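In: Structure of the sequence below:
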Amino acid sequence: MAGSHGPLQFHFGDDAPGVHCHSLTSGLVCQVVTWRHFGPVAHVRLTYNSDTWEHTMDVMISYTGVTEFLLLGFSEDPRRQNLIGFLFLVAYLAALLVNGLIIIVITSDPRLHTPVYFFLKNLSLIDLCYIYVTVPKVFLNSLMNRNTISFLGCVSQVVFFAGFGATELLILTVMSYDRNVAICHPLHCEIIMSKGACGHMVVASYVSALVYGAMHASVTFSTNFNSNKIHHFFCDIPQIMVISDPKMNIDEASVSLIVVIMTIICFTSISYSYVNIFSAVLNISSKEERSQTLSTCIPHLVVVALFTFTGALAYLKPPSSSQTILDLLLSVSYTVFPPIMNPIKYSLRNKDMKAALE
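Out: Okay, the predicted model is just below:
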């Protein structure tokens, strides 16, 4: 750090070209001229402990003007970035193909216009939106050999990633209720799971989850940031908390409490539905009929287990300022794999889907 008398200039390193400072009775007040990854900062105050202030200074810099973030989830080696970008592109195209196919088949085949397939179609739509939030950005960054995302882009990722993730959990909960009604109350199924009721459940899931996503983003970004470096391949909330003002963690904890309560309610509802389902299945005398009934539930159980288990592992562990390979693989397992595997699990074990695809 260098300085001179009168109007002063200080150099803080490669990322901060310069700061103009003026001596006042209360100390030194400085104005940031430019900052590569940050917007203009209002003030930088330097205090000193003796007359020879050049030797001792406390620098306090406010990063309130973040305009973009650096995503440092993967290697900065261009060749590795290109390889990772290609793999993410393949995953995205696979998700687009299988989910798009399910949406088209269910929409076009009148035999599949039932509650279970209505919810499955919406699950595929959510999976498409879910993977679209994060994966294309990774591919584009690798293609252009960069690792940045704009502030608004980061906000959008938080809103929609949290929103669509919550929507998926709610839809999976509604699907378990639908299976419960279909197996335990078959005579009342058409009345309870009418088209209007199914539509209201889906709309309520979308609206409530996206409101939750917006609420999460408003809390996450209404703070100062200590850095703009996110050690992840997208704007994930735990990693943003690492670089945010510690005071924000109190507000974030309140939102996280809502998440925990919602997850407990959904998990309890799913468990209750399957306790009823398994009780009803045990009373079925025919082994073939019992096996056929269970086959309609197993794919849903696998999807629920994969989604909740990987999500819980990722979000319940304390966030850190660096990501290990295991952390990144875990992140991929709940951001990339579910949109690809969900439709495959449902279609491979479903005779109606197989017949419609032929």
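In: where's residue 189 relative to residue 179, distance?
Out: Distance from residue 189 to residue 179, counting by C-beta to C-beta, to the nearest Å: 10 Å. C-beta here means a position set from N, CA and C on the backbone, and glycine is covered the same way.
In: now swap in residue 92 and tell me
Out: Taken as C-beta to C-beta, the span from residue 92 to residue 179 is 30 Å.
In: now do residue 118
Out: Counting by C-beta to C-beta - residue 118 and residue 179 are separated by 13 Å.
In: More neighbours: which of the two?
Out: Legend: neighbour count by other C-beta atoms under 10 Å for residue 118 and residue 179, higher for residue 179 (23 against 20).
In: Work out for me the element the more buried one sits within.
Out: Assigned by DSSP states H and E, residue 179 belongs to helix 151-184.
In: how about that helix: buried residues?
Out: 151, 154-183 (16 or more other C-beta atoms under 10 Å).
In: For stretch 286-300, list every residue counted as buried.
Out: Applying 16+ other C-beta under 10 Å to stretch 286-300 flags 293, 296-297, 299-300 as buried.
In: Same list (those) but as CSV, adding distance to residue 130 and secondary structure.
Out: Output for the buried residues of stretch 286-300, formatted as CSV (distance: C-beta to C-beta, whole Å; DSSP: H, G, I helix; E, B strand; the rest coil):
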residue, distance to residue 130, secondary structure
293, 29, helix
296, 24, coil
297, 23, coil
299, 18, helix
300, 17, helix
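In: Lowest-confidence member of those residues, which is it?
Out: Within those, the minimum per-residue pLDDT falls on residue 296 (76).
In: Do I have it right that that residue meets residue 179?
Out: Yes - using C-beta atoms under 8 Å, residue 296 is in contact with residue 179, at 6.7 Å.
In: So which residues of the stretch 251-358 of the chain form helices?
Out: Secondary structure of the stretch 251-358 of the chain, counting by DSSP state H, counting those that start in this stretch: helices at 287-295, 298-316, 325-335, 337-348, 351-357.
In: so how far is residue 290 from residue 280?
Out: Taking C-beta to C-beta, one finds residue 280 at 10 Å from residue 290.
In: elements contacting the helix holding residue 179?
Out: strand 68-71, helix 115-143, helix 189-192, helix 195-220, helix 237-242, helix 248-282, helix 298-316 (3 or more C-beta pairs under 8 Å, 6 or more residues apart in numbering; DSSP states H and E).
In: switch the cut-off to 6 Å
Out: helix 115-143, helix 189-192, helix 195-220, helix 248-282 (3 or more C-beta pairs under 6 Å, 6 or more residues apart in numbering; DSSP states H and E).
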